[in-house]
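# mind looking at a prediction? Sequence and model below.
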Amino acid sequence: MMNNSQEAAAEPAVRAHGLTVRRGTGRTSRTVLDALAFDVPRGRITGLLGPSGCGKSTLLRAVVGTQAHVTGTLDVLGRPAGHPALRSRIGYVTQAPSVYDDLTVRQNLDYFAAVLDPGRPAAARRREAVARAVADVDLTPRADALAGNLSGGQRSRVSLAVALLGTPELLVLDEPTVGLDPVLRRDLWALFHRLTAVRGATILVSSHVMDEAERCHDLLLMREGRILAHGTPDDLRTRTGAGTVEEGFLRLVDAANATTAPTTATLQENRR
Ligand SMILES: Nc1ncnc2c1ncn2[C@@H]1O[C@H](COP(=O)(O)OP(=O)(O)OP(=O)(O)O)[C@@H](O)[C@H]1O
């Protein structure tokens, strides 16, 4: 028989069933996530991939509990998405870096650390957490630079450092590598792998760059608000007979389009 901690480890980090989201109001209201069912396993990197507008950010917002008009079942770390007890257990990085330009990197992190772990007795713990998060994202040499004077990629890394502060069990990252050069992208993916391997974190990361799919343990491939495929990169290549995940994804899109007779615009969108 499994004990409580074994049960928690076996339970997926995210479990969705019949997950549906409508966005917009009145006549512009439409279904952007359509009855999704999937699990995100713990301790692994799950990549959420699909063309622009397919619903990746909406799905990530639903997981962190900030998306309105969500129906169906969506459990995160054993609780309904958005439950207050999940706040300190999830780190979330949005597409737009959320940092204060008039504070230094370290001051930004000090500020968020004080919100997470307030009080004078926690000062030493906060200093340690800030130093570790800055080092995790390779910004130690720029720790005293104003965030407003950093490059776009460096600002994104400050946001990621903020998300790492509380040592979250689940990291939800919305296109964290956009605008980064190849070296930084490689380094960030190495960090993601360290976080799962060493700290046991679960990472749910979106991207529309297909070569990043190869770096994930599991993939959720999306198209037009639905899950097109779910499995490891190897599963996807085997299932489609393709040499790469990108080619496999395009084959699945073509097969799906053949049955739904899309417009040319839809096809072009899916090939982006
Ligand atoms: N406020 C809104 N009202 C109506 N539809 C919306 C609204 N916001 C977003 N949408 C639609 O919801 C769909 C999903 O958007 P979402 O931002 O989740 O896609 P995405 O896959 O993250 O795109 P990208 O990769 O470009 O960030 C899109 O088709 C978008 O047009």
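Here it is on my side, so go on. Numbering: from 1, shown residues only.
# ramachandran angles for the closest residue to Thr104 other than its chain neighbours?
Nearest non-adjacent residue to Thr104, counting by C-beta to C-beta, 6 or more residues apart in numbering: Asp144, 5.1 Å away. C-beta: built from backbone N, CA, C; applies to glycine. With angles defined as degrees, to the nearest 10, Asp144 sits at phi -100, psi 10.
# buried residues in the helix or strand encompassing Leu109?
In the assignment (DSSP states H and E), Leu109 maps to helix 105-116. Burial within helix 105-116, assessed by neighbour count using 16 or more other C-beta atoms under 10 Å, is assigned to Val105, Arg106, Gln107, Asn108, Leu109, Asp110, Phe112, Ala113.
# for that helix, name the packing helices and strands.
helix 123-136, helix 152-164 (3 or more C-beta pairs under 8 Å, 6 or more residues apart in numbering; DSSP states H and E).
# Serialize these to JSON lines and add fields for distance to Gly55.
JSON lines is the format used below for the helices and strands packed on helix 105-116 (distance: least, C-beta to C-beta, whole Å):
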{"stretch": "helix 123-136", "distance to Gly55": "29"}
{"stretch": "helix 152-164", "distance to Gly55": "22"}
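# which parts of the stretch 51-200 of the chain sit against the ligand?
Ser52, Gly53, Cys54, Gly55, Lys56, Ser57, Thr58 (C-beta under 6 Å from any ligand atom).
# residues contacting whatever helix or strand the last one lives in, please?
Per DSSP H and E, Thr58 falls inside helix 56-64. Residues from elsewhere that reach helix 56-64 (C-beta atoms under 8 Å, 6 or more residues apart in numbering): 14, 19, 21, 23, 32-33, 36, 48-50, 67, 70, 74, 76, 81-82, 90, 92, 95, 172, 174-175, 204, 206, 208, 222.
# from the stretch 151-272 of the chain, which residue is nearest to the ligand?
His208 (5.1 Å; C-beta to the nearest ligand atom).
# having no further points to raise, I will conclude here.
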